[in-house]
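Undergrad: Structural data only, the sequence is not supplied:
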């Protein structure tokens, strides 16, 4: 079997653009992956073209060799663009291998230890501005079966936060906690906003609401800063969505700088690299809770890991999405009691619809995190999963 082509499909999804990669072979078997890289999609598409030059003509089933050689020969190793391109292609190669053998990818990685996985939802807060609006949307989510939810209540703050903005953030968290009760887990997102003393202050302030964790309290490029916050935090700290490969994670574990790890399958190296990261985490008794606010292909690939990683804890997923998400793939998720059933189809168990992808071409989107428009993540028409 030889690779004959690699194509990239960039699909507008309002808040960003999904980036799907499809690998074609001379035996008619194709594989899909996703490297959705928030707001740098053109650079990612170019990086995929470089990988294509290497991959065409080679046997797609030699996944470990291809991953190693592409990573090594890039010379400038790591980084969001290269690793997202490599992650997407690597997923597609696993998809091909699974299809060629007629088994799901998880079977190639040791088989199932989990039949389903717990989820927490992102995006449930779309359009909310005031604490009472967040509370109302939280109640609706719980009625739809949600048992854990995440959001960033910190407006447009960066490095520090004013007393007024912190008060509003705490009122927001309090309103949501009162709305959903004690049986629903709250996960507080900080998007790497704060400096060390502010991160510590916020960790202490949110303790009263019993969050499952506080995510990324400081920017991701200094693990000593993260370690400093965790050392004084009374709540669990989650981090890792902007780390790449097991090498970055090895340093994170060495420092014991967080309590939950959140590698993203679209950025950190793909399926096998996350499997390796999860194994190191397991040896350190650190729960594996992948970052996954992206599209349907990344979700399908992460579910393969949920199936076969003993320390898999909880999976992020979008609560709702653009209405054409159901058109661009054949995704068919089964939810029950706050959990997703893990399927048994060969490969990743998902296909993209190329024509539907082309109907929603790239649209330039900009970062909202520091503009006050963080909750503007959905168009007027929205597809709900619950």
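TA: In hand now; what should we look at? Please read these numbers as outputs of a predicted model, since none were measured by experiment.
Undergrad: Now the residue nearest to residue 45 when sequence neighbours are not counted, what are its backbone angles?
TA: Nearest-residue entry for residue 45: residue 8, 4.8 Å, with adjacent residues in sequence omitted and distances by C-beta to C-beta, 6 or more residues apart in numbering. Every C-beta, even on glycine, is put in place using the N, C-alpha and C of the backbone. Main-chain torsions, residue 8, degrees, to the nearest 10: phi -110, psi 130.
Undergrad: Tell me, how many residues neighbour the residue nearest to residue 111 when sequence neighbours are not counted?
TA: Across the structure, with C-beta to C-beta, 6+ apart as the measure, the residue nearest residue 111 apart from its sequence neighbours is residue 308 (6.4 Å). The local packing of residue 308 (other C-beta atoms under 10 Å) involves 22 other residues.
Undergrad: Also residue 28?
TA: By other C-beta under 10 Å, 8 other residues sit near residue 28.
Undergrad: That one is in what secondary structure piece?
TA: Using DSSP states H and E, no element contains residue 28; it sits outside every helix and strand.
Undergrad: you'd agree residue 90 is up against residue 274?
TA: No - between residue 90 and residue 274 no contact is recorded; they are 10.0 Å apart, counting by C-beta atoms under 8 Å.
Undergrad: Residue 256 reaches residue 223, doesn't it?
TA: No - at 10.3 Å, residue 256 and residue 223 do not qualify as touching, with contact defined as C-beta under 8 Å.
Undergrad: So for those two, which residue has more residues nearby?
TA: For residue 256 and residue 223, the more surrounded residue by other C-beta under 10 Å is residue 223, and the numbers stand at 18 against 12.
Undergrad: Skip the chain neighbours and tell me the closest residue to the more buried one.
TA: residue 257 (5.1 Å).
Undergrad: May I have the residues that are in contact with the one you found?
TA: Residue 257 makes contacts with 223, 226, 227, 230, 237, 239, as judged by C-beta atoms under 8 Å, 6 or more residues apart in numbering.
Undergrad: Okay, now the unreliable bits of the stretch 251-386 of the chain?
TA: Along the stretch 251-386 of the chain, the parts satisfying pLDDT under 70 run over 385-386.
Undergrad: in it, which spans are strands?
TA: 260-261, 315-318, 320-322, 335-336, 339-341, 382-384 (DSSP state E, counting those that start in this stretch).
Undergrad: returning to what we had before: so who does the residue nearest to residue 111 touch?
TA: When the contact criterion is C-beta under 8 Å, 6+ apart, the partners of residue 308 are 106, 109, 110, 111, 112, 113, 114, 275.
Undergrad: 7 Å - rerun?
TA: Taking C-beta atoms under 7 Å, 6 or more residues apart in numbering, we find residue 308 in contact with 106, 109, 110, 111, 112, 113.
Undergrad: Equivalent analysis for residue 175, please.
TA: By C-beta under 7 Å, 6+ apart, the contact set of residue 175 is 131, 132, 134, 135.
Undergrad: can you check residue 24 too?
TA: Going by C-beta under 7 Å, 6+ apart, residue 24 touches 4, 5, 30.
Undergrad: Now a PyMOL select for only the buried ones of those.
TA: Selection command for PyMOL covering only the buried members of these, criterion 16 or more other C-beta atoms under 10 Å:
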select buried, resi 4+30
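Undergrad: quick one on the thing from earlier: show me the contacts of residue 175 that map onto helices.
TA: With helices defined by DSSP state H, the entries of those inside them are 131, 132, 134, 135.
Undergrad: Verify the stated contact: the last one with residue 177.
TA: No - checked against C-beta atoms under 7 Å, the pair residue 135 and residue 177 is beyond contact range at 9.0 Å.
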